[in-house]
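**Q** I would like to see how this sequence folds:
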Amino acid sequence: MAQNRVRIADVADALGLSTATVSKVIHGKTEKISDETVKRVQQELERSGYIPNMAGILLARNNSRIIGVVVNDNEKYEGRVLEDGFVMASINALSHEVNEKGYFLMIKTTSDIREIPVFASMWNMDGLILMGFCEADYEKLRNQMRISFVVYDGYFEKCSKVVNLVINHYDGGYQAGKYFRELGHKKALCIADNFICMDKERIEGFSEAFEPGETLRWEIPKTEKERMCFYEDKYQTLLKNNVTAVFAVSDFYALEFMRFLQGKDIQIPKDIQIIGFDDNMASRESHPSLTTIHQEAPLRAKTAIKCLEAMRDGAECETEIVLPVELIKRESTGEL
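**A** The predicted structure is shown next:
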């Protein structure tokens, strides 16, 4: 026997609400309805099976309650950007915040920032979060975006409906360098795949804690195979320079280089000490566990959604919001 189609009246009866209230939520007319009620209705719509027609409704109304996230699928991720620790932590935090607020989350990965305006307009989004792009990329977006958006990395020139939600990259690097100096290190290596955007800020902050000539910089290749060859070629230079401290601009690179060194029978932290950046799950589970710079993904996600809501409602937002970072000391560093 075919199951009876769920009606608006059925949803309303289940929640003890009027059919008018349920209908308004379905069609996005929620200005006078509490966020809690909106969330209850959306959950009941999904539970009861009323959802099949929701996609069309979301696209047709002015307030879709869709938040988009676009992640830069840079070549260094080799097609696995969503497996990156920072990206995973950020999206997990955003997913939790979006669910709490009764929104829908839609994710796109691309290395071509020109795809973003089409993606945003196609789905009639309430707001957008951009992750992993740089200032040069944003030039291609100017005058094309029609919705509010939050930038996680880089900097988008001051204009309405844009918030640059960044962390204090420079201070994070400085905290790492200062800690190495306190431990007595005199020669340090910085590794990154570029010296622009946030990586440049992190390395400059790190170098500030040392005297001129006490830090080396390696610009490593973007693919794993090439990096392994690069590490092999540079290994003797590392030893000749008496490097005892390594700062990587991400936990991913820090852990990769730590495994390379361990393969050379270098003991961490006895022979060389390492600090990463991000504080992803892998940094806590590695052997030894990785000292790193922690950035608070839940706080960033909460702030991002709050800014998008404010801009949607016509409120003024700060052009730039800088969130703090914190050094987390673990087993990959210690007293010399």
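**Q** read off the pLDDT value for residue 171.
**A** Looking at residue 171, its pLDDT stands at 98.
**Q** need the three-state assignment for the residue positioned nearest the centre of the chain.
**A** Geometric centre of the chain, nearest residue: residue 90, 4.2 Å, by C-alpha atoms, centre = their mean. Three-state call for residue 90 (DSSP: H, G, I helix; E, B strand; the rest coil): helix.
**Q** look up the closest residue to residue 297, ignoring the ones flanking it.
**A** Spatial nearest neighbour of residue 297, excluding adjacent residues (C-beta to C-beta, 6 or more residues apart in numbering): residue 93 at 4.0 Å. For glycine as for every other residue, the C-beta is placed from the backbone atoms N, C-alpha and C.
**Q** list the contacts of that neighbour.
**A** Residue 93 is in contact with 297-298, 300-302, counting by C-beta atoms under 8 Å, 6 or more residues apart in numbering.
**Q** cool, residue 40 as well?
**A** Listed by C-beta under 8 Å, 6+ apart, the contact partners of residue 40 are residue 15.
**Q** gap between it and residue 102?
**A** Applying C-beta to C-beta, to the nearest Å, the value for residue 40 to residue 102 is 9 Å.
**Q** kindly report the same for residue 20.
**A** According to C-beta to C-beta, residue 20 and residue 102 sit 19 Å apart.
**Q** residues near residue 118, how many?
**A** 10 (other C-beta atoms under 10 Å).
**Q** quick check, it in a helix?
**A** Yes. According to three-state DSSP, the state of residue 118 is that of a helix.
**Q** which pLDDT value belongs to it?
**A** Per the predicted model, pLDDT is 82 at residue 118.
**Q** what sits against it?
**A** Residue 118 neighbours (C-beta under 8 Å, 6+ apart): none.
**Q** over to residue 10?
**A** Per C-beta under 8 Å, 6+ apart, neighbours of residue 10: residue 48.
**Q** assign a three-state SS to it, would you?
**A** On the basis of three-state DSSP, residue 10 is classed as helix.
**Q** could you measure from it over to residue 101?
**A** 25 Å.
**Q** per-domain residue ranges of the chain.
**A** For the chain, the structural domains run 8-60, 66-168+296-323, 169-295, going by automatic domain parsing.
**Q** ok, back up a step: for the residue nearest to residue 297, give me the pLDDT.
**A** 96.
**Q** now do the one 3 residues further on
**A** For residue 96, the pLDDT comes out at 96.
**Q** from residue 302, how far out is it?
**A** Counting by C-beta to C-beta - residue 96 and residue 302 are separated by 9 Å.
**Q** tell me the helix or strand right after the lowest-mean-pLDDT helix or strand in the chain.
**A** Of all helical and strand segments in the chain, the minimum by mean pLDDT, DSSP states H and E falls on helix 54-60, at a mean of 58. Toward the C-terminus, helix 54-60 is succeeded by strand 66-72 as the next helix or strand (DSSP states H and E).
**Q** returning to what we had before: chain center to the helix or strand the residue nearest to residue 297 falls within: distance?
**A** Using DSSP H and E, residue 93 sits within helix 85-101. Offset of helix 85-101 from its chain centre (C-alpha atoms, centre = their mean, to the nearest Å): 9 Å.
**Q** ok so residue 261 is a helix residue?
**A** Yes. Per three-state DSSP, residue 261 lies within a helix segment.
**Q** now the helix or strand following the helix holding residue 93 and strand 66-72, what's the angle there?
**A** For helix 85-101, the succeeding helix or strand toward the C-terminus, using DSSP H and E, is strand 104-110. Following axes from the mean of the first three to the mean of the last three C-alpha atoms, to 10 degrees, one obtains 20 degrees for the angle between strand 104-110 and strand 66-72.
**Q** how about residues contacting strand 104-110?
**A** Strand 104-110 is contacted by residues 58, 64-73, 81-82, 91, 94-95, 98-99, 115-116, 119, 123, 125 when judged by C-beta under 8 Å, 6+ apart.
**Q** parallel or antiparallel, list what pairs with that strand.
**A** strand 66-72 (parallel) (DSSP bridges).
**Q** and stretch 200-218, how far apart are its ends?
**A** 12 Å (C-alpha to C-alpha, to the nearest Å).
**Q** returning to what we had before: buried residues in the helix holding residue 93?
**A** Of the residues in helix 85-101, 85-91, 93-95, 97-98, 101 count as buried by neighbour count, 16 or more other C-beta atoms under 10 Å.
**Q** let me see the ranges of the helices in the stretch 151-300 of the chain.
**A** For the stretch 151-300 of the chain, the helices defined by DSSP state H, counting those that start in this stretch cover 169-183, 197-208, 224-240, 251-263, 281-285, 297-312.
**Q** those helices: which one's closest to residue 137?
**A** Evaluated over the helices of the stretch 151-300 of the chain, closeness to residue 137 peaks at helix 197-208, with 9.4 Å, by C-beta to C-beta.
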